[in-house]
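Trainee: Predicted structure and sequence below. I'll ask about it afterward.
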Amino acid sequence: MTPLAFDARHLWHPYTNVLDPGPMHLIRETDGVWLIRDDGVRMIDAMSSWWCAVHGHRHPAIVGAMQDQLARMPHVMFGGLTHDAAVNLGRRLIDVLPVGLDRIFFSDSGSVAIEVALKMAVQYQIAMGHGDRTEFATIRGGYHGDTWKAMSVCDPVNGMHGLFRGALSIQHFLPRPCITFGGDWSDDAARNGLGALEQLLETRGDRIAALILEPVVQGAGGMYFYHPAWLRGARALCDAHDVLLIFDEIATGFGRTAELFAMDHAGVVPDILCLGKALTGGHITLAATVATEPVARGIGESDAGVLMHGPTYMANPLACVAGVASLDQLATRNWRAEVERIARQLAQELGPARRLPGVADVRVLGAIGVIEMEGRVDPAVAHRRAPETGVWLRPFARNIYCMPPYIISPDELSRVTAAMVALAGGAG
Ligand SMILES: *Cc1c(COP(=O)(O)O)cnc(C)c1O
């Protein structure tokens, strides 16, 4: 059996029909923005391999750091043991995070980081004598991962709620903030946009442990950008009702939205923050849940005392050194200028797609470009076309979008936008 035949017969792929997986590409190696197929065909990874590879693939400094670590200590358990890799990454994260977020729990994927955040919230509330605060609030259009509790706070329509009806715990879904990024924020808008949250917290606040959301940019739930001022209002309401605020920056962290973190657009600091995806620059899986001192202290001083979580591969040293090397890249390169240049070019080159029939909206924020269609887009079409266009895109729902590596050249980015516009226009 060829590798592709074996794959089609035996391997599951994400959100893919196991009996009819559609077009599949056998990738032999990666190089910067390029994915290189076994037969030598090259495609630009316009997805940064799902928001991760912000410095491009196989970055020499990150690979070098991992190779050094690999030669000394690929892994060791984190219970009772620690290592420089974790300590150094912890230091570096605290340096770039807002003051106050400094108690770091490393885990192995974004979904797990969300599980840990939700557990922290419940354990904190128990510690505060609020054992009946077991519910969560969130906004519609969100995506927080594929594990059970994370699924329960994903969008109830576009998420997996229909399929897993009855198996998911019921949470509270608020309308997504209606003022878009760059729209006009007024007191009226604030009242409209935050009224539902205020009402929920007034009637049900004493049962709610935390409000969880993606700040400013909702990713896999619909690629929606909303006004940062909403977050300031939400922070105040949560404070007034002793509800914790959890930010999921797994997709938005590390410069993607033109600020280092999306929360920086609002100047709001959550009680718990989740990081993942670009944390290692797309080289190896790692995630982090970062809490404030009061949250950590509350749990530490409670009867339980310990946070009830501990992944086998917690703070894997290979992943931690990749994280440090990735943060080094952000510190030494002018990522802000790179992202601003990408944003300008995306706006210029995607803008004309607004006039195409079937296009509902075109929007750009930082190094994220979206053509939203009126109807569903079949990812198989993009996958089939990729070898010709030389651009790897994976649309979902109604969105044709890109979030390229920050190192992409203007010429390469023009190929990406041309492929997106062609896909929107149904050409080819
Ligand atoms: C990808 C993603 C997750 C889940 O991360 P995994 O590493 O896939 O488990 C959670 N939240 C957001 C916002 C994401 O984009």
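Mentor: Cool, got the structure.

Trainee: Any buried residues in stretch 257-276, and which?
Mentor: Buried residues in stretch 257-276, counting neighbours by 16 or more other Cβ atoms under 10 Å, are found at 257-266, 268-276. All C-beta spots, glycine's among them, are computed from the backbone N, C-alpha and C.

Trainee: That stretch and the ligand in contact?
Mentor: Yes - applying Cβ under 6 Å from any ligand atom, one finds stretch 257-276 touching the ligand at residue 276.

Trainee: For that stretch, what is the distance to the chain centroid?
Mentor: Computed by Cα atoms, centre = their mean, to the nearest Å, the chain-centroid distance of stretch 257-276 equals 11 Å.

Trainee: Format the CA atom coordinates belonging to it as CSV.
Mentor: Extracted C-alpha coordinates of stretch 257-276, given in CSV (Å, rounded to 0.1, in the frame of the first residue of the first chain):
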residue,chain,number,x,y,z
THR,A,257,-4.0,40.6,16.0
ALA,A,258,-1.3,43.3,15.8
GLU,A,259,-1.0,43.4,19.5
LEU,A,260,1.1,40.9,21.4
PHE,A,261,-2.2,39.6,22.9
ALA,A,262,-5.7,40.5,21.8
MET,A,263,-6.5,41.6,25.3
ASP,A,264,-4.0,44.4,24.9
HIS,A,265,-6.4,46.1,22.5
ALA,A,266,-8.7,46.6,25.5
GLY,A,267,-6.1,46.9,28.3
VAL,A,268,-8.1,44.3,30.2
VAL,A,269,-6.5,41.6,32.3
PRO,A,270,-8.4,38.4,33.0
ASP,A,271,-8.2,36.2,36.1
ILE,A,272,-7.1,33.2,34.0
LEU,A,273,-5.5,33.2,30.6
CYS,A,274,-5.1,30.3,28.2
LEU,A,275,-2.2,30.1,25.6
GLY,A,276,-1.3,27.5,23.0
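
Trainee: Just checking, which helix or strand of this structure averages the lowest pLDDT?
Mentor: Scoring the helices and strands of the chain by mean pLDDT, DSSP states H and E places helix 187-204 at the bottom, with a mean of 88.

Trainee: what does the chain put close to the ligand?
Mentor: Where the chain comes near the ligand, counting by Cβ under 6 Å from any ligand atom, the residues are 109-111, 114, 143-145, 214, 219-220, 248, 250-251, 276-277.

Trainee: where's the dip in pLDDT among those residues?
Mentor: The member of the residues of the chain next to the ligand with the lowest pLDDT is residue 220, at 93.

Trainee: residues touching that residue, list them.
Mentor: Contact analysis of residue 220 by Cβ atoms under 8 Å, 6 or more residues apart in numbering lists 143, 251, 396.

Trainee: would CSV of the residues you listed with distance to residue 23 be doable?
Mentor: Converted to CSV, the contacts of residue 220 look like this (distance: Cβ to Cβ, whole Å):
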residue, distance to residue 23
143, 25
251, 25
396, 16
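
Trainee: Just the ones of the residues of the chain next to the ligand in helices?
Mentor: Members of the residues of the chain next to the ligand lying in helices (criterion: DSSP state H): 110, 111, 114.

Trainee: So which of those residues is the closest to the ligand?
Mentor: Proximity of these to the ligand (Cβ to the nearest ligand atom) peaks at residue 110, which lies at 2.1 Å.

Trainee: coming back round to it: among the residues of the chain next to the ligand, which ones are in strands?
Mentor: residue 248 (DSSP state E).

Trainee: Grab the two from the residues of the chain next to the ligand that are most spread out in space.
Mentor: Taking Cβ to Cβ, the two most distant members of those are 109 and 214; they sit 16.4 Å apart.

Trainee: Checking residue 343 next. Helix, strand or coil?
Mentor: When classified by DSSP: H, G, I helix; E, B strand; the rest coil, residue 343 comes out as helix.

Trainee: before we move on, back to that, of the residues of the chain next to the ligand, just say which sits nearest to residue 27.
Mentor: Residue 27 has its nearest neighbour among those in residue 277, at 19.0 Å by Cβ to Cβ.

Trainee: That closest one - how many residues pack around it?
Mentor: Neighbourhood size, residue 277 [other Cβ atoms under 10 Å]: 27.

Trainee: show me the residues around the residue nearest the centre of the chain that make contact.
Mentor: The residue lying closest to the centre of the chain (Cα atoms, centre = their mean) is residue 251, at 1.8 Å. Contact criterion Cβ under 8 Å, 6+ apart gives 51, 214, 217, 219, 220, 277 as the residues in contact with residue 251.

Trainee: ok, and the closest non-adjacent residue to the third one?
Mentor: Using Cβ to Cβ, 6 or more residues apart in numbering and skipping the chain neighbours, the partner closest in space to residue 217 is residue 252 (5.0 Å).

Trainee: burial of the one you found, as a residue count?
Mentor: For residue 252, the neighbour count with other Cβ under 10 Å is 31.

Trainee: What segments of the stretch 301-428 of the chain are strands?
Mentor: 359-365, 368-373, 391-392, 399-402 (DSSP state E, counting those that start in this stretch).

Trainee: I'd like these as JSON lines, with mean pLDDT appended.
Mentor: Compiled in JSON lines, these are given as follows (pLDDT from 0 to 100):
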{"stretch": "strand 359-365", "mean pLDDT": "98"}
{"stretch": "strand 368-373", "mean pLDDT": "98"}
{"stretch": "strand 391-392", "mean pLDDT": "98"}
{"stretch": "strand 399-402", "mean pLDDT": "98"}
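
Trainee: Dump those into a markdown table; add mean neighbour count as well.
Mentor: Formatted as a markdown table, these follow (neighbours: other Cβ atoms under 10 Å):
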| stretch | mean neighbour count |
| --- | --- |
| strand 359-365 | 20 |
| strand 368-373 | 24 |
| strand 391-392 | 25 |
| strand 399-402 | 24 |
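
Trainee: Residue 292: neighbour count?
Mentor: Using other Cβ under 10 Å, residue 292 has 21 other residues around it.

Trainee: in the sheet, who's paired with it?
Mentor: Judged by DSSP bridges, the bridge partners of residue 292 are residue 101.

Trainee: about what we covered before: pick the one among the contacts of residue 220 closest to the ligand.
Mentor: So of those, ranked by how close each gets to the ligand (Cβ to the nearest ligand atom), first place is residue 251, at 3.4 Å.

Trainee: Tell me how far the closest one lies from residue 124.
Mentor: Residue 251 sits 25 Å away from residue 124, going by Cβ to Cβ, to the nearest Å.

Trainee: Doesn't residue 210 lie inside a strand?
Mentor: Yes - the assignment for residue 210 by three-state DSSP puts it in a strand.
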